[in-house]
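Student: structure for this input, please:
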Amino acid sequence: MANISEKFLSLLLVSLFFLGLPVFLFQRPSKVIYYYVKDCPSCQRVNAFLSAYRIEEKFSFAKKEVSFNKRNQNELGLRAKKCGLQSKEIPVPFVWDGQNCIIGDRAVIEFFKEKAGL
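Tutor: The predicted structure follows:
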């Protein structure tokens, strides 16, 4: 009896693994990243909006300051390049949603309003 239970359990685990594997392999993370510069007036408007409406509590995203962090600058450059922007002229505030670039305070605020359900 124990032998049948072990075989059934093994078969069940293998089946679940193979059924779940395609979903795991083809699922793309949809991590949103907000790039900003601390002293940028447009970024300050976005930051004030994010704080006032507690957007981080309603919608998960990463915030990355780019004026003092070389790694964040390089990452922003790669994202901007995917949108056809020159890496030396990347405007902030800038949001990467996994596929698209959202640029400028108005567009970024509208993006976060929509994502937060406002």
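Student: which residue packs closest to C40, ignoring adjacent ones?
Tutor: Take C40 and drop its neighbours on the chain: the residue closest to it by Cβ to Cβ, 6 or more residues apart in numbering is V92, 5.5 Å away. The C-beta positions use only the backbone N, C-alpha and C, and glycine is treated the same way.
Student: tell me the secondary structure at that neighbour.
Tutor: Classification of V92 using DSSP: H, G, I helix; E, B strand; the rest coil returns coil.
Student: hang on, isn't it packed against K38?
Tutor: No: contact criterion Cβ atoms under 8 Å: V92 and K38 do not qualify, at 10.2 Å.
Student: of those two, which one has the most company?
Tutor: More crowded of V92 and K38, by other Cβ atoms under 10 Å: V92, with 21 against 11.
Student: so who does that one touch?
Tutor: Applying Cβ atoms under 8 Å, 6 or more residues apart in numbering to V92 gives the contacts Y35, Y36, V37, C40, S42, C43, V66.
Student: distance of the residue nearest to C40 relative to C43?
Tutor: To C43, V92 is 6 Å away according to Cβ to Cβ, to the nearest Å.
Student: need the overlap of contacts for the two.
Tutor: Any residue near both V92 and C43 by Cβ under 8 Å, 6+ apart counts here, and that gives Y36, V37.
Student: let's see the ChimeraX selection covering just the buried ones among the contacts of V92.
Tutor: The buried residues among the contacts of V92 can be selected in ChimeraX (16 or more other Cβ atoms under 10 Å) with this line:
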select :35,36,37,40,42,43,66
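Student: quick one: the contacts of V92 as a markdown table, columns for secondary structure and distance to D105 too.
Tutor: As requested, the contacts of V92 are exported to a markdown table (DSSP: H, G, I helix; E, B strand; the rest coil; distance: Cβ to Cβ, whole Å):
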| residue | secondary structure | distance to D105 |
| --- | --- | --- |
| Y35 | strand | 13 |
| Y36 | strand | 10 |
| V37 | coil | 12 |
| C40 | coil | 9 |
| S42 | helix | 4 |
| C43 | helix | 7 |
| V66 | coil | 15 |
